[in-house]
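Asks: Show me how the following folds:
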Amino acid sequence: MNRPWTRSYESGVPGEIDADVYPSTVALFSKACAEYADKPAFECFGRTMTYAEVDRAADAVAAWLQQRLGVKRGDRVALMSPNIFAFPVAMLGIHRAGAAQVNVNPLYTPHELRHQLQDSGAETIIIFAGSTPTLAEIIDETPVRTVITVDLGDAAGVAIPTPPRDPRLTDAVRFADVLSEGTGLVLEPVELTGDDTLFFQYTGGTTGPSKGAVLSHRNLVANVQQFTAHMPEAVEPGREVLVMALPLYHIFGLMVMHAL
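Replies: Presented below is the predicted three-dimensional model:
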C-alpha cells in the first residue's frame, strides 16, 4: 500500500509497529512491574507507590472482584474517579479480573451518569466518595448492584480528608476493605488476548448522547507502540517522569500513562 506520509517521519521512525507484541495491556503492565519493581510508579499527596506496591494492590482488587462478586471475562466495571492512587490500582485490578472498564467522568451530572451506566450495562462501580451524591440520585434506574467507594488516600495508606459517602448508598463497600480482604483471596489468571474488550470510552456528548467507543487490548497496545516509536526521545525505560495534568478517565491521559 502506498503511504506517502511515512516520508515525513524522522530517521529511525519505523513505518510499521507490532500491535501484538503484548497479548494484552495486563501483560504490558505485568512486565513493567517485574522489571521496575522497586522504582516509583506513581506519586501523589507526597507519597510514592512503587511498581511492586501497585502490582500487589491490583492483584488484591482483581481477586476480590472475582471471588466476592463473580466478575468474569468481559463483564463491565465502571470507574468514576479523579487522578488519585486508586485509579491505576483499580484499573489494573479490573483488567486482571478479565473485565472491561467503563471510564466515567467524576463531574458528571445525574442525567449523564444514568445514560452511561444504562448504556454500558455496568453492574459494579468503583466511585470516588465525593461523587456518590450523583450516583445516589439515579442508582435505582441503572443496572448497578455493587458500589465501591474510594477515599483520596486509598491504596497508598495516606489519611486524607475526603467528602463522605452519600448516606443513601447504605450497602456500599469501602475500597480500603476491598484491598484488605482481597489480599487473602486467590486470583485466577485470565488469558486475555488483543481482541478482548479493554475500555468503554465515552465521547463528550457535544453532538448528542454520549457514545461508548469500544477499545480492545490491541487498540491500546498499538497506540503505545506508535507513541514510543514516533517519539523515541521521550522514552527512557525506567527513567521517565510524567506530570499527569490530564484526567485519566480521558483517553489522552489514559494512553500516555500506558506508554510511560
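
Asks: what ranges of the stretch 1-150 of the chain fall below the confidence cut-off?
Replies: 1 (pLDDT under 70).

Asks: can you give me the strands for it?
Replies: 40-44, 47-50, 76-80, 100-104, 124-128, 146-150 (DSSP state E, counting those that start in this stretch).

Asks: what comes up buried for the second one?
Replies: Meaning strand 47-50. Within strand 47-50, the residues that count as buried by 16 or more other C-beta atoms under 10 Å are M49, T50. Quick note: C-beta positions are derived from backbone N, CA and C, even for glycine.

Asks: Nearest residue to the middle of the protein?
Replies: Nearest to the mean C-alpha position of the chain, by C-alpha atoms, centre = their mean, lies M91 at 3.0 Å.

Asks: my guess is that residue meets A99, correct?
Replies: No: taking contacts as C-beta atoms under 8 Å, M91 lies outside contact range of A99: 10.5 Å.

Asks: So which elements touch the longest helix along the chain?
Replies: Across the chain, the longest stretch assigned as helix under DSSP state H is helix 51-69. Packing contacts for helix 51-69, counted by 3 or more C-beta pairs under 8 Å, 6 or more residues apart in numbering; DSSP states H and E, involve helix 25-35, strand 40-44, helix 86-96, helix 175-182.

Asks: Just the CA trace of it, in PDB.
Replies: These are the backbone C-alpha positions of helix 51-69, laid out as PDB (Å, rounded to 0.1, in the frame of the first residue of the first chain):
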ATOM      1  CA  TYR A  51       5.600  -0.800  40.800                       C
ATOM      2  CA  ALA A  52       5.700  -3.700  43.200                       C
ATOM      3  CA  GLU A  53       3.100  -2.000  45.500                       C
ATOM      4  CA  VAL A  54       0.800  -1.200  42.700                       C
ATOM      5  CA  ASP A  55       1.200  -4.800  41.500                       C
ATOM      6  CA  ARG A  56       0.200  -6.300  44.900                       C
ATOM      7  CA  ALA A  57      -2.700  -3.900  45.300                       C
ATOM      8  CA  ALA A  58      -4.100  -4.500  41.800                       C
ATOM      9  CA  ASP A  59      -3.900  -8.300  42.500                       C
ATOM     10  CA  ALA A  60      -6.000  -7.800  45.600                       C
ATOM     11  CA  VAL A  61      -8.600  -5.800  43.700                       C
ATOM     12  CA  ALA A  62      -8.800  -8.400  40.900                       C
ATOM     13  CA  ALA A  63      -9.100 -11.300  43.400                       C
ATOM     14  CA  TRP A  64     -11.900  -9.500  45.300                       C
ATOM     15  CA  LEU A  65     -13.800  -8.800  42.100                       C
ATOM     16  CA  GLN A  66     -13.600 -12.400  41.100                       C
ATOM     17  CA  GLN A  67     -14.200 -14.200  44.400                       C
ATOM     18  CA  ARG A  68     -16.700 -11.800  46.000                       C
ATOM     19  CA  LEU A  69     -18.600 -10.500  43.000                       C
END
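
Asks: from here on, count from 419
Replies: New numbering, starting at 419: the last item is helix 469-487.
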